[in-house]
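In: Here's a sequence, model it:
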Amino acid sequence: MQLAKSSGAPRAAAGARVATWNVEWAKPGSKRGDRVTALLRGLDADILVVTEGFGGLLPDEGHVIDAGDDWGYTTIHGRRKTLAWSRHPWRDVRRIDKDAGKGRVVAGVTDTKAGPVKVIAVCIPWPDAHVRTGRRDAARWDEHLECCTQLAAFRRDLGADPYIIAGDYNQRIPPKGQPQKVAASLDAALAGMTVWTRGEDLASPGLLIDHIAGTDDLSAHDVVVWAGNDEQGRLSDHDGVACIVGAAPPT
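Out: Sure thing, here's the model as predicted:
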């Protein structure tokens with residue numbers, strides 16, 4: 001695993017390691033899947049958000065929630081757009097169950113060394129979702145924009161507890177190449193949050209569109225990114241990210 005740019009701060013005793021990665025449908029038991037599994041388990045994470053994955057890739061111990069098996073494409077046994085794993089049980093689990101966010105957004109509360117943390121796990125649609133595949137009833141970026149709007153409303157419904165949003169945002173941050181209205185829609189969905197995995201802060205070796213953001217009552221350090229390949233070749237078409245999350249220092 002190749003990790004890039006850490007803050008150098010020591011891991012706080014009260015911090016929780018949070019990681020996210022789109023694993024591009026790596027299949028458990030395959031050669032690529034075994035390498036992906038080894039990397040995920042080697043992160044020693046307290047919370048993992050895995051997108052385009054299978055539950056069998058996640059550590060055996062722990063607890064898993066997912067966003068469901070229907071996001072408008074053909075169902076394949078075991079596949080999930082969005083999964084969230086924690087060392088501790090989940091409670092207050094909620095999902096977006098309609099329109100662009102269906103099968104892509106799940107939230108729950110889990111206990112960590114930093115205290116209870118609400119996690120919103122996401123796989124926001126890519127630009128061409130349901131354009132040339134799937135239902136084929138969308139224009140480019142339509143599904144992405146709708147999901148961002150739903151995510152903003154979902155946040156309002158969840159209340160003001162400390163929480164993070166982790167997963168595949170399908171946008172580079174800061175913006176690079178996406179239309180201005182698309183970047184603005186994600187900004188609105190993340191209003192009042194800090195994106196701890198911004199691209200200008202990390203030496204990303206590849207495609208960095210998987211991110212972790214948190215509310216102002218949380219802070220992060222030891223942010224790292226790893227490449228979507230290893231010495232044996234391709235692991236994923238995305239880079240992965242991780243950080244240590246804890247309570248924000250008093251002001």
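
In: make it CA atoms for all contacts and neighbour counts henceforth
Out: Fine.

In: wait, what's in contact with residue 158?
Out: When the contact criterion is CA atoms under 8 Å, 6 or more residues apart in numbering, residue 158 has no partners at all.

In: Model confidence for it, exactly?
Out: Residue 158 carries a pLDDT score of 88 in this model.

In: didn't residue 25 look like it was pressed against residue 54?
Out: Yes. Taking contact to mean CA atoms under 8 Å, the distance of 7.2 Å between residue 25 and residue 54 places them in contact.

In: anything in contact with each of the two?
Out: In terms of CA under 8 Å, 6+ apart, residue 25 and residue 54 are both contacted by the residues residue 79.

In: Of the two, which one has the most company?
Out: Legend: neighbour count by other CA atoms under 10 Å for residue 25 and residue 54, higher for residue 54 (22 against 17).

In: how about low-confidence regions in this structure?
Out: 1-14, 251 (pLDDT under 70).

In: can you tell me the helix or strand for residue 188?
Out: Assigning secondary structure by DSSP states H and E places residue 188 in helix 180-189.

In: Packing partners of the next helix-or-strand element following that helix?
Out: The element immediately downstream of helix 180-189 (helix or strand, assigned by DSSP H and E) is strand 193-195. On a contact count with 3 or more CA pairs under 8 Å, 6 or more residues apart in numbering; DSSP states H and E, strand 193-195 meets strand 210-215.

In: now the helix holding residue 188: how far from the chain's centre is it?
Out: A distance of 17 Å separates the C-alpha centroid of helix 180-189 from that of its chain, computed with CA atoms, centre = their mean, to the nearest Å.

In: Buried residues, it. List them.
Out: 182, 183, 185, 186, 189 (16 or more other CA atoms under 10 Å).
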